[in-house]
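Asks: sequence unknown, structure follows:
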Ligand code: FE
């Protein structure tokens with residue numbers, strides 16, 4: 001698919017990280033980390049654990065609740081797809097890096113994949129911190145050129161007939177994938193369903209877990 005970055009603004013008006021690996025905020029955080037670690041206030045290993053927690057556990061649980069609600073409530077699902085920002089905010093998830101959300105639904109015919117080709121725009125309020133691979137040059141370039149190859153790298157092989165659609169995030173618009181509800185989950189309640197929703201399934205590089 002063609003990608004012309006002149007068609008969307010990609011700035012970071014909040015003084016973020018546009019087009020550089022480390023923006024002012026990142027540098028300040030790193031500097032603060034170094035000082036605190038040097039003075040013995042924090043253990044860098046513990047910090048890594050904390051960051052991992054926000055990347056994989058706490059952060060994406062918000063998005064998982066959104067997805068689970070959409071799976072059990074058709075009215076909520078319709079609202080979510082029509083006005084993602086408002087529907088997500090109604091569950092209490094809003095704020096920086098999530099001001100303008102668009103939710104894209106996977107169907108048997110179409111699978112959605114989210115990338116930020118220029119940097120690392122990511123919907124913080126629903127997914128937390130972006131994983132390292134999301135910010136990597138290989139992911140950012142290959143997701144557009146060869147999405148099927150990227151999915152294969154993540155262990156996800158879809159039928160050749162499934163259309164792949166790649167969404168390029170910007171500072172103005174962040175995407176959340178609404179995965180398909182797995183088969184065999186009819187008996188599960190909303191919180192049990194949320195436990196099946198993985199971070200990667202909301203980026204498009206994975207699928208929800210299957211029920212035990
Ligand atoms: Fe970005």
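Replies: On my side now, so go ahead. Since this is a predicted model, take the numbers as computed values, not measurements.
Asks: which phi and psi does the closest residue to residue 178 other than its chain neighbours have?
Replies: The shortest distance from residue 178 to any residue that is not its chain neighbour, by Cβ to Cβ, 6 or more residues apart in numbering, is 4.3 Å, and that residue is residue 105. C-betas here are computed from N, CA, C, even on glycine. Residue 105 adopts backbone torsions of phi -90, psi 130, taken as degrees, to the nearest 10.
Asks: shouldn't residue 105 be in contact with residue 78?
Replies: No - at 10.4 Å, residue 105 does not count as touching residue 78 under the criterion of Cβ atoms under 8 Å.
Asks: which one's more surrounded, the two?
Replies: Taking residue 105 and residue 78 together and counting by other Cβ atoms under 10 Å, residue 105 has the greater number of neighbours (15 against 12).
Asks: measure the more buried one to the ion for me?
Replies: Taking Cβ to the ion, to the nearest Å as the measure, residue 105 falls 23 Å from the ion.
Asks: OK, contacts around residue 49?
Replies: Residue 49 makes contact with no residue, according to Cβ atoms under 8 Å, 6 or more residues apart in numbering.
Asks: let me fix that, I meant to ask about residue 135.
Replies: Under the criterion of Cβ under 8 Å, 6+ apart, the contact list for residue 135 reads 119, 120.
Asks: equivalent analysis for residue 188, please.
Replies: Applying Cβ under 8 Å, 6+ apart to residue 188 gives the contacts 196, 211.
Asks: what about 10 Å?
Replies: Contacts here follow Cβ atoms under 10 Å, 6 or more residues apart in numbering; on that basis residue 188 touches 68, 71, 72, 181, 182, 194, 195, 196, 211.
Asks: any regions of this structure where pLDDT drops low?
Replies: Counting by pLDDT under 70, the low-confidence segments of the chain come to 1-23, 57.
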